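**Student:** build me a model from this:
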Amino acid sequence: MDEMEHSASSMWTEVVEALVPHHSLNKLEISGYKGSRLPHLMSSPFNFIKEIHLDWLSELSSLPVMGKLPFLEILSIWIVDELKFVGRDFLGIESSFDVVVVAFPKLEKLEFWYCSKWEEWEDITEEEEESAAISIMPCLTKLIYHLCESLKKLPHRLLRKVSSSLQLDTSGSTELVKTYGEDKEGSVWRSISQHNPQLKLR
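**Tutor:** Below is the predicted model of the structure:
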């Protein structure tokens, strides 16, 4: 990113940070945003947002901590051109397991569309998977990866931890279809489904 592009990105970020939405806002859509990071309200546990739609974010390369949003039910992410990596910090899991941690406690639907450069979703650790103090997306029923053409592997430990009623849709994501869609009886799929036998793949 050259100096002019950096300045423009900073301006976008400053503008969106200056917005002060009503405290009871429950639906948020950000479209055509050219900042390199999303506003802090996207990570704040002190809001009532139930539905977030992000689309056409041309400069965003990573997602913020969003797992602490207490009322979020739908998260839709479309056409984030520079997104290549989704880290564990997206879930908002703390390093200490002394208290019960619930990542995305109300999330029912999570969808990614046309994130063509996305290559990796970092998995949780074995310790986090086995910890009874950590719950991940307990209400999730639909997870969609549509036309995310570079993503080759799903976060297996994370998927073994989520709701048993989850349905996966990997249609149009060619690398994921190669890994999971052609043989649902293969060892890769069994590594997930043996821990979550009700998991359905479309």
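**Student:** any low-confidence regions in the protein?
**Tutor:** For the chain, residues meeting the criterion pLDDT under 70 lie at 1-9, 11-18, 20-21, 95-98, 181-202.
**Student:** all the helices of it, residue numbers only.
**Tutor:** 3-18, 126-130, 156-161, 174-176, 187-193 (DSSP state H).
**Student:** got the contact list for the shortest one?
**Tutor:** Right, the one you point to is helix 174-176. Identification of contacts with helix 174-176 by Cβ atoms under 8 Å, 6 or more residues apart in numbering yields Tyr145, Cys148, Glu149, Ser150, Leu151, Lys152, Lys153, Leu154, Thr170. Using the backbone N, CA and C atoms, a C-beta is placed for each residue, glycine as well.
**Student:** repeat that for 10 Å
**Tutor:** 119, 145, 147-154, 168-170, 181, 201 (Cβ atoms under 10 Å, 6 or more residues apart in numbering).
**Student:** same question, stretch 136-143
**Tutor:** Contacts of stretch 136-143 (Cβ under 10 Å, 6+ apart): 67, 73-74, 91, 93, 101-112, 124, 128-129, 154-155, 157-170, 199-200, 202.
**Student:** for stretch 85-101, same thing?
**Tutor:** 43, 45, 61-69, 77, 102-104, 112, 115, 117-125, 127-128, 130-137, 151, 155, 158.
**Student:** list the buried residues for that stretch?
**Tutor:** Val86, Arg88, Phe90, Leu91, Gly92, Ile93, Val101 (16 or more other Cβ atoms under 10 Å).
**Student:** apart from its neighbours in sequence, what residue is nearest the fifth one?
**Tutor:** Think Gly92. Gly67 (3.3 Å; Cβ to Cβ, 6 or more residues apart in numbering).
**Student:** and the one you found, how many neighbours?
**Tutor:** Number of residues near Gly67 (other Cβ atoms under 10 Å) recorded here: 22.
**Student:** so it makes contact with Leu158?
**Tutor:** No - counting by Cβ atoms under 10 Å, Gly67 stays clear of Leu158, with 11.1 Å between them.
**Student:** spell out which residues are contacts of both of these two.
**Tutor:** Contact with both Gly67 and Leu158 is made by residues Arg88, Leu91, Ala103, Ile136, Met137, according to Cβ under 10 Å, 6+ apart.
**Student:** can I get those in CSV with distance to Leu176?
**Tutor:** Below are those laid out as CSV (distance: Cβ to Cβ, whole Å):
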residue, distance to Leu176
Arg88, 20
Leu91, 20
Ala103, 22
Ile136, 20
Met137, 18
